[in-house]
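Undergrad: fold the following and give me the result.
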Amino acid sequence: MAEMEKPLLIKRYASRRLYNTETSDYVTLEDIAGFIRGGREVQIVDLKSGDDLTRQYLLQIIAEHESRGENVLPVNVLNDLVRSYMIPGGGMMPQFLQSSFEMLRENQTKMMEAMNPMSKMPGFEAMKAQQAAFLKAMTGGIGNTWSGPSEGGDATADDSSSENLEDIKKQLADLQNKLSKLK
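TA: Residues are numbered from 1 along each chain as shown. Predicted structure coming up:
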């Protein structure tokens, strides 16, 4: 199993501004909600005191979505949450919610795998690798460094593009051949 990624550290300054320590810029609550929707865990700490404010800000995100008419939680669930906090020691609700969400995440993953029958198909990994190569070629290898013309020294960008296009055509033909063999 892969090691869990460290949470994104957000620092709250005395001015109440939130600072993303990875990108060195200020973020909003909506930005933080986007990180979480994208699957990233966050930790929000007060810069001066070091107090963990994550829970407070996550509740604030939920409250803001509720105030905009986005029903995040049904009223009966909200009532049950309030009741559970009235019980000395908090009752069983926090553990129940945590285990319920863990089970939901596991089942969603299993369901997504089951809904993608291609993932069980022989050669699927090779197809994924070819798709990645195709996307890399289509985007011009963005993020990779270009080493310049190989032989001859005077190749132009158009020559390089036509070579990439020929490579892509060859890869697509190979992929079609493989797919037809699987049928």
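Undergrad: now the residue nearest in space to the middle of the chain: how far from Ile32?
TA: When the chain is reduced to its mean C-alpha position, the closest residue under Cα atoms, centre = their mean turns out to be Gly38, at 3.6 Å. Separation of Gly38 from Ile32 (Cβ to Cβ, to the nearest Å): 11 Å. Just so you know, the C-beta spots here come from the backbone N, C-alpha and C atoms, and that holds for glycine as well.
Undergrad: equivalent analysis for Ile87, please.
TA: Here the criterion is Cβ to Cβ. By it, Ile87 lies 30 Å from Ile32.
Undergrad: those two: who's more crowded?
TA: Neighbours were tallied for Ile87 and for Ile32 using other Cβ atoms under 10 Å; the higher tally belongs to Ile32 (22 against 10).
Undergrad: list the helices and strands the helix or strand encompassing the more buried one packs on?
TA: Ile32 belongs to helix 29-37 when assigned by DSSP states H and E. For helix 29-37, the helices and strands in contact under the criterion 3 or more Cβ pairs under 8 Å, 6 or more residues apart in numbering; DSSP states H and E are strand 18-20, strand 42-46, helix 54-67.
Undergrad: tell me the angle that helix makes with strand 42-46.
TA: 140 degrees (axes from the mean of the first three to the mean of the last three Cα atoms, to 10 degrees).
Undergrad: tell me the angle of helix 29-37 relative to helix 54-67?
TA: 100 degrees.
Undergrad: mind starting the numbering at 224 from now?
TA: From this message on, residue numbering opens at 224, which makes the last subject helix 252-260.
Undergrad: quick check: Val295 is in a helix.
TA: No - according to DSSP: H, G, I helix; E, B strand; the rest coil, the state of Val295 is coil, so it is not within a helix.
Undergrad: what's the pLDDT at it?
TA: Predicted confidence (pLDDT) for Val295: 78.
Undergrad: need the helices and strands packed on helix 252-260 in TSV (columns: mean neighbour count).
TA: Compiled in TSV, those are given as follows (neighbours: other Cβ atoms under 10 Å):
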stretch	mean neighbour count
strand 241-243	18
strand 265-269	17
helix 277-290	13
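Undergrad: which one of those lies nearest to Met338?
TA: Put simply, out of the helices and strands packed on helix 252-260 the one that sits nearest Met338 is helix 277-290, at 27.6 Å, with distance taken as Cβ to Cβ.
Undergrad: now for the closest one, which elements pack on it?
TA: Counting by 3+ Cβ pairs under 8 Å, 6+ apart, the packing neighbours recorded for helix 277-290 are helix 252-260, strand 265-269.
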